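Chemist: Got a predicted model here, sequence first, then my questions.
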Amino acid sequence: MFAVFLSVLVSSTQDGQNDYIINIAVSFSTGHIQIHGKNYWEKRSLDQSMSCDTSFAARARSLPHVRNLVPRFETVCLIAHGALTRVCPVIGIDPLRESAMTGLGNRIIRGASMSDWHRGALVAEGLARLLGVDVGDSVVVFGQGYQGVTAAEMIRIAGIARFPIPDLNNAMFYLPLAEAQTLFSAPTRLTAIAILLDSDDAVDAAAAELRAIAPDDLEVMSWREMMPELVQAVAANNGGTVIMLLILYVVIGFGIFGTVVMMTSERKREFGMNIALGVKRWRLMYVTVIESLLVSMIGALVGIVISIPFVAYLHQFPIQLGGDYAKAMLAYGMEPIIPFSSDPIVFEAQALIVFGLGMISALYPVIVIRRLLPVPAMRG
């Protein structure tokens, strides 16, 4: 029971960390799948943006596993207020769709809500502090629009949002999609459509279906193609998890085996007496295997039952870190928390592995009974 509980917590922590990293990356950046114009991903130029095809978007939205489809218009501009300037990304978004995907509406601390935001900019708290602006102030946005047109306008700050990751909190500058398209002289164009799925396991299948219906001038890429460094980071984390779990399984295995050895030693007199009275050895082997099966099964099931509320609570309320470790995580662009995964496969896999270790340990009494000499066993 304790072995299942412990292995579930360790596995849930590692899987939760992977899921958290992937979810942060896909929700705030590319989505599970991104659709954009040919060569846009390499050049990141507005000249490689795509026209808004409502019929294709409707077909994409109707595909299985597609949970949200978010249009975006992204570029980089100079943001100025008085003598202070910053170069940062400017992202045109559909407020309600973007909030449904990234939870952006929950991060607004001052100003208009997502449902009331139709004009003006939504600025990250750190960027607003660096520029010395607040809600109601105006900033100058200067950059290059579609096909080299100069884009320059004074825009009022409509809201302030707070992000836990410093890199995001010091850079994010959002505009309503229509206002961004007008500012950059691209009223019917998008740089990308980010697609959020209901499961990361469905990425490959969904990407294949999208490629089959996408026009020739569009490109469909999964997050694994766009962020190979994230794939490597997850693979490295998985490798560390495997090593940690192997060490844990060795400790658990010896713990279970030690208990079985002790129980077998205490029952040698009983086994010897049964054999002397004519009980077949195979019957004793059968009984010990059934006992081990039942004890291991009950322990695994109770371990699952005990671990479910712990993992469910920690999944809902992750452990908050502080001190130098929190600063280090923020420096790497990660929120200082320990996330937990509540995926059912975590409970099933760990219970089966620990149950298997228990059944392997059950071979020891079988070997002892097969070699047991009744008279020496009864004498102790």
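Modeler: Looks like it came in fine.
Chemist: where exactly do the strands run in the stretch 201-350 of the chain?
Modeler: 218-222, 319-320, 337-338 (DSSP state E, counting those that start in this stretch).
Chemist: report the longest strand in the protein, please.
Modeler: Ranked by residue count and defined by DSSP state E, the top strand of the chain is strand 66-81.
Chemist: still on that earlier bit, if you compare the strands of the stretch 201-350 of the chain, which one is most tucked away?
Modeler: Stretch with highest mean neighbour count among the strands of the stretch 201-350 of the chain: strand 218-222 (a mean of 20; mean count of other CB atoms under 10 Å). (Glycine included, C-beta is placed from N, CA and C.)
Chemist: Spatially central residue (nearest the centroid) of this structure, please.
Modeler: Nearest to the mean C-alpha position of the chain, counting by CA atoms, centre = their mean, stands D19 at 1.6 Å.
Chemist: What sits closest to that residue if chain neighbours are left out?
Modeler: The shortest distance from D19 to any non-neighbouring residue, by CB to CB, 6 or more residues apart in numbering, is to S341 (5.5 Å).
Chemist: Domain-wise, how is the protein divided?
Modeler: 2-12+230-379, 39-216 (automatic domain parsing).
Chemist: Next up, the contacts around T288.
Modeler: T288 sits next to 264, 362, 365-366, 369 when contact means CB atoms under 8 Å, 6 or more residues apart in numbering.
Chemist: which of the residues you listed sit farthest apart?
Modeler: A362 and I369 (11.4 Å; CB to CB).
Chemist: any idea which of the contacts of T288 is closest to T191?
Modeler: A362 (60.9 Å).
Chemist: Assess the claim that that closest one and V295 are in contact.
Modeler: No. The criterion here is CB atoms under 8 Å, and A362 misses it with V295 at 9.0 Å.
Chemist: In terms of neighbours, single out the busier of these two.
Modeler: The neighbour count for A362 versus V295, taken as other CB atoms under 10 Å, is higher for A362 (22 against 17).
Chemist: average model confidence for the host helix or strand of G356?
Modeler: According to DSSP states H and E, G356 maps onto helix 344-361. The pLDDT scores in helix 344-361 average 87.
Chemist: what does the helix or strand following that helix rub up against?
Modeler: Next along the chain after helix 344-361, taking DSSP H and E as the criterion, comes helix 363-371. Applying CB under 8 Å, 6+ apart, the external contacts of helix 363-371 come out as 257, 260-261, 263-264, 267-268, 271, 275, 281, 284-285, 288-289, 292.
Chemist: Which ones among these lie within helices?
Modeler: 257, 260-261, 263-264, 268, 271, 275, 281, 284-285, 288-289, 292 (DSSP state H).
Chemist: R162 reaches R107, doesn't it?
Modeler: Yes. If you go by CB under 8 Å, R162 and R107 touch, sitting 5.6 Å apart.
Chemist: Mind listing what's buried along stretch 131-145?
Modeler: 131, 133, 135, 139, 141, 143-145 (16 or more other CB atoms under 10 Å).
Chemist: hang on, the earlier thing: output the contacting helices and strands for the helix or strand hosting the residue nearest to the centre of the chain.
Modeler: Assessed by DSSP H and E, D19 sits inside helix 2-25. Here helix 2-25 touches helix 228-266, helix 281-316, strand 337-338, helix 344-361, going by 3 or more CB pairs under 8 Å, 6 or more residues apart in numbering; DSSP states H and E.
Chemist: mind listing the strands for the stretch 51-200 of the chain?
Modeler: Using DSSP E, counting those that start in this stretch, the strands of the stretch 51-200 of the chain run over 66-81, 84-93, 108-111, 121-124, 138-144, 150-161, 173-176, 189-190, 192-197.
Chemist: looking at these, which is buried most?
Modeler: strand 121-124 comes out most buried of the strands of the stretch 51-200 of the chain by mean count of other CB under 10 Å, with a mean of 26.
Chemist: What lies in contact with that one?
Modeler: 104, 108, 111-112, 131, 133, 139, 141, 155-163, 168-175.
Chemist: my guess is T13 contacts F340, does it?
Modeler: Yes. The criterion here is CB under 8 Å, and T13 meets it with F340 at 6.0 Å.
Chemist: picking up where we left off before, show the pLDDT at the residue nearest to the centre of the chain.
Modeler: For D19, pLDDT reads 81.
Chemist: Please tell me how far it sits from L218.
Modeler: 29 Å (CB to CB, to the nearest Å).
Chemist: And for S361?
Modeler: 57 Å.
Chemist: Ok, P344 next?
Modeler: 37 Å.
Chemist: Then G16?
Modeler: 35 Å.
Chemist: and if you look at A151?
Modeler: 24 Å.
Chemist: do the same with L293
Modeler: 57 Å.
Chemist: just R59 next, same as before
Modeler: Distance from R59 to L218, by CB to CB: 12 Å.
Chemist: and what of K43?
Modeler: If you go by CB to CB, the gap between K43 and L218 works out to 15 Å.
Chemist: ok so, going back, between T13 and F340, which one's more packed in?
Modeler: F340 (28 against 21).
Chemist: Next up, the contacts around L9.
Modeler: With CB under 8 Å, 6+ apart, L9 has these contacts: 307, 310-311, 340.
Chemist: Just the buried ones out of those, please.
Modeler: 307, 311, 340.
Chemist: May I see those residues organised as JSON lines, with distance to H32 added?
Modeler: Converted to JSON lines, the buried ones among the contacts of L9 look like this (distance: CB to CB, whole Å):
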{"residue": "S307", "distance to H32": "29"}
{"residue": "V311", "distance to H32": "24"}
{"residue": "F340", "distance to H32": "22"}
